[in-house]
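Engineer: Pasting the sequence and the predicted coordinates here, then a few questions.
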Amino acid sequence: MNKSVYASPDQVSETKRHILTVLVDNEPGVLARVIGMFSGRGYNIDSLNVAEVSNDENISRITIVTHGTSEVVSQIEKQLLRIVPVHSVTNLDQEGSSVEAEVALVYIYISETNKKKVYQLCDLYRARKIENENNTTIFEIAGASERVNRFIKEINEITKVEIVRSGPVAISSIQKNEEE
Amino acid sequence: MNNEITGAEIVLKSLAEQGVEVVFGYPGGAVLPIYDTLFKQNSIKHVLVRQEGGAIHAAEGYARSTGKTGVVLVTSGPGATNVVTGLTDAMMDSVPIVCITGQVPQHLIGSDAFQECDTTGITRPCTKHNYLVKDVNKLSSVFHEAFTIAQNGRPGPVLIDIPKDVQFASGTYEEKNKIIIPSHRLFEPSPDFEKNKIEEAVELISKAKKPIFYIGGGCINSGPKASTLVREFINMVGSPVTMTLMGLGVVGSSDKNSLGMLGMHGMYEANMAMHECDVMINIGARFDDRVTGRLDAFSPNSKKIHIDIDESNINKTINVDVPIIGDVKQVVEKMITVWKEKKFQIDDKALKLWWNKINKWKDVDCLNYNNEGKQIKPQYAVQRLYELTKNTKTFVTTEVGQHQMWAAQFYKFEEPNRWLTSGGLGTMGYGFPAAIGAQVGHPDALVVDIAGDASILMNIQEMSTAVQYRLPVKIFILNNEYMGMVRQWQELLHGGRYSESYTDSLPDFVKLAESYKAVGLRAKTTDELDDVITQMIETKNTVIADIWVTKEENCFPMIQSGSAHNEMMLSKDQKQDKKSAEKGKILV
């Protein structure tokens, strides 16, 4: 739905999840500008991830997962481009194909009775145990959000857990020339 | 190094290199070094306002009337928070402003120091861009970039926050032409931008049977040349044209193609033509809700062309068929070339029928009002003001409310940049300081602030500024003792319960003017009106003309909230159907 004082005539498309990657100048306040635009204009942020791009320390890549109709998401892209330090905005869902992944760290409350089941499940999902000085059971799982969701759901059925997730990052998988 | 100067000196040097002639400001602890440097030079003039809010509206008035960038200088904390309204106003109406704020020294930032506030945090959503400058050596490049960003693409306000220690520190100055601004930070239309869309648009116009041009403030921001080109193109097509509140003056009121303003209090014929057109050519307007009325009934059968410099305006509220991203001047110039090259000709017969229809709507005479009796009707007051000032170079500013709409309806503008009003934000208190700014930019012109009795009190302290700088600004108050537009909505939508919209204990405006050593005049009846206006114009001093108008006059025609263009109310007697009135009530 478009935003206006008056309700939009026709809702054109359905609400979908979109991953936007935003390249920005790495300067103070830039993240506030980006997320302020979302809150100020009433858009959704499902998850957000910021990091420097390895080969150029002056540029950061912000990965934002949002949901909305294609009209809303297109408006989000245009509003992002108005922000002065923003270089580019790419909607990975419109790029065609992309690869996404996220990391979750899971603290698992373990006992003699559930130990076997937990390890079996972690094995199945290729979750890796992280060694630590207290020798507590902390597993790391990486992959598409859906896979992480499934793992968390299943492990939750076995025992109590604490979870921290990075939110997805994503990259276009379209073939590019090497010079670029 | 020898060529190092202080941060405060860099500020002044940057302003001078940017061609700044005047700064509107108010001193305070965190900008004292800059004021000290200002004291030691003569090239830049400073206008001392009486509240920072006045400074930024004055800078807006200066910018809009001259086409230059307005510059504001205020202190930290309350100085900065007082300019927030003006920054938002400039953001909404795309006015190029550079606002310099002082900040507490860096080692105190974050300590809740005296007059500290998170200025860049507070102003982030209401500026095009803002800076906190921590390194004196970056100060000049920040200034040059700030001026470019303020003017480039869709103009807007830019704020530079400078900690006091940076103003004292020594650093090197870099000249404007040494600064390279990366292209992603600016709007750069590609040289061959959207050429196909232009051809598509021009062809669509040539095939129109019921075209209408819908002109907005973008045409004014694009410079006077844009208005000339827009007029030329409209004449070639022979199409009717309507303008938004911000676009008044792009096409002259007396132009045969002009239907005047459209929208909530626009002309009946303009709104009807928008509703029934088959091709709409939006140049530099943004389908604002005051213009569109109810969206599902907005111009249902037209193909829409939208020329805008800001891509985010495309398909924001109204989906268009042919979007063109670019500067009005450049786009319209290309449209004219294409029209000529392809020898396009519009269907004359159809156009004639279209004009016949429009002329019938004109016959409704939507601005008609009952002008009987000795009491001054507000509409009549504006009409007389126009008649008595039309042969003088006149700038008109307004506050916000009924008087603003009557000014837009009854004052006729023939040129761009002569009409300064707060459109997007609707800021009461805008008009008087804006008039001060316009007068500073045009010392010899006549500058009139058409005001309401409620609005004028929002920045009345600027009387002192106007008198100090001998600015012969004229304040023309349509005094009905009400917040007229609030009262009108209460009458139409809230059962006539005039909750807090009557202003008791108004000052005696004549004595008020005199207390500032300005001139106060008053007209109570139609017999006195012309004399008062003439005297006001001839007085070489700041004047308040207190015009007593009928108290409960309503501003018509009107599209009530939630209604469509073809559902205009022409008078109070014409009742809106109850269901849509109820729906409209929750809207603004």
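Structural biologist: In hand now; what should we look at? Numbers count the residues shown, from 1 in each chain, chains lettered A, B, ... in the order given.
Engineer: how about low-confidence regions in chain A?
Structural biologist: Flagging of chain A using pLDDT under 70 yields the residue ranges A:1-12, A:54, A:95-96, A:178-180.
Engineer: those strands in it, which residues are they?
Structural biologist: Using DSSP state E, the strands of chain A run over A:16-25, A:47-53, A:56-68, A:86-91, A:98-108, A:128-130, A:138-143, A:161-165, A:169-172.
Engineer: who wins for proximity to chain B among those strands?
Structural biologist: Among those, the nearest to chain B by C-beta to the nearest C-beta is strand A:86-91 (4.6 Å). For every residue, glycine as well, the C-beta is placed using N, CA and C.
Engineer: coming back round to it: looking at the strands of chain A, which is closest to A:Ser74?
Structural biologist: Of all the strands of chain A, strand A:86-91 sits nearest to A:Ser74, with 8.1 Å by C-beta to C-beta.
Engineer: burial of the one residue in the stretch 451-588 of chain B that gets nearest to chain A, as a residue count?
Structural biologist: Per C-beta to the nearest C-beta, B:Leu587 is where the stretch 451-588 of chain B lies closest to chain A, at 5.4 Å. Look at B:Leu587: counted by other C-beta atoms under 10 Å in any protein chain shown, it has 15 neighbours.
Engineer: and it, helix, strand or coil?
Structural biologist: coil (DSSP: H, G, I helix; E, B strand; the rest coil).
Engineer: Could you verify my assumption that it touches B:Gly562?
Structural biologist: Yes: using C-beta atoms under 8 Å, B:Leu587 makes contact with B:Gly562 at a distance of 5.7 Å.
Engineer: Let me see the domain layout of the chain.
Structural biologist: Defaulting to chain A. The record's domain parsing of chain A by automatic domain parsing lists A:16-91, A:98-170.
Engineer: nope, chain B please
Structural biologist: B:5-174, B:195-363, B:378-548.
Engineer: just how off-centre is the shortest one within its chain?
Structural biologist: Yep, that's domain B:195-363 we're talking about. Taking C-alpha atoms, centre = their mean, to the nearest Å, one finds domain B:195-363 lying 20 Å from the centre of the chain it belongs to.
Engineer: Name the surrounding residues that touch stretch B:562-573.
Structural biologist: Under the contact criterion C-beta atoms under 8 Å, 6 or more residues apart in numbering or on different chains, stretch B:562-573 has outside partners A:6, B:262, B:268, B:271-272, B:274-276, B:293-294, B:297-299, B:364, B:366, B:491-492, B:554, B:556-560, B:576, B:580-581, B:583-585, B:587.
Engineer: now swap in stretch A:111-120 and tell me
Structural biologist: Residues contacting stretch A:111-120 (C-beta under 8 Å, 6+ apart): A:108, A:110, A:137, A:155, A:158-159.
Engineer: Adding distance to chain B and neighbour count as columns, could you present these in JSON lines?
Structural biologist: Putting the contacts of stretch A:111-120 into JSON lines (distance: C-beta to the nearest C-beta, whole Å; neighbours: other C-beta atoms under 10 Å in any protein chain shown) gives the following:
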{"residue": "A:Ile108", "distance to chain B": "40", "neighbour count": "23"}
{"residue": "A:Ile110", "distance to chain B": "43", "neighbour count": "17"}
{"residue": "A:Thr137", "distance to chain B": "40", "neighbour count": "18"}
{"residue": "A:Ile155", "distance to chain B": "41", "neighbour count": "23"}
{"residue": "A:Ile158", "distance to chain B": "45", "neighbour count": "18"}
{"residue": "A:Thr159", "distance to chain B": "43", "neighbour count": "17"}
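Engineer: Return the most buried member of the strands of chain A.
Structural biologist: Sort these by mean neighbour count, taking mean count of other C-beta atoms under 10 Å in any protein chain shown, and strand A:16-25 sits at the top with a mean of 20.
Engineer: tell me what that strand is packed against?
Structural biologist: helix A:30-40, strand A:56-68, helix A:70-82, strand A:86-91, strand A:169-172 (3 or more C-beta pairs under 8 Å, 6 or more residues apart in numbering or on different chains; DSSP states H and E).
Engineer: out of these, which comes closest to B:Thr244?
Structural biologist: helix A:70-82 (21.0 Å).
Engineer: Who are the packing partners of that closest one?
Structural biologist: Against helix A:70-82 (3+ C-beta pairs under 8 Å, 6+ apart) you get strand A:16-25, helix A:30-40, strand A:56-68, strand A:86-91.
Engineer: Would you reformat these as TSV and include distance to B:Thr81?
Structural biologist: Output for the helices and strands packed on helix A:70-82, formatted as TSV (distance: least, C-beta to C-beta, whole Å):
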stretch	distance to B:Thr81
strand A:16-25	27
helix A:30-40	17
strand A:56-68	29
strand A:86-91	27
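Engineer: closest one to B:Val447 among these?
Structural biologist: helix A:30-40 (35.1 Å).
Engineer: The closest one near chain B at all?
Structural biologist: Yes: under the criterion of C-beta under 8 Å from any C-beta of the partner chain, chain B is reached by helix A:30-40 at A:32-33, A:36-37, A:40.
Engineer: quick one: which of the residues you listed is nearest B:His129?
Structural biologist: For those, the nearest to B:His129 is A:Arg33 (8.6 Å; C-beta to C-beta).
Engineer: could I get whichever helix or strand B:Ser65 is part of in CSV with only the CA atoms?
Structural biologist: Taking DSSP states H and E as the criterion, B:Ser65 maps to helix B:52-66. Coordinates of each C-alpha in helix B:52-66 appear next as CSV, following Å, rounded to 0.1, in the frame of the first residue of the first chain:
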residue,chain,number,x,y,z
GLU,B,52,16.3,31.6,16.3
GLY,B,53,13.1,30.5,14.7
GLY,B,54,12.9,33.9,13.1
ALA,B,55,16.4,33.5,11.7
ILE,B,56,15.7,30.3,9.8
HIS,B,57,12.4,31.6,8.3
ALA,B,58,14.1,34.8,7.3
ALA,B,59,16.8,32.7,5.6
GLU,B,60,14.0,30.8,3.8
GLY,B,61,12.4,34.0,2.6
TYR,B,62,15.8,35.3,1.5
ALA,B,63,16.5,32.0,-0.4
ARG,B,64,13.1,31.7,-2.0
SER,B,65,13.0,35.3,-3.2
THR,B,66,16.6,35.5,-4.5
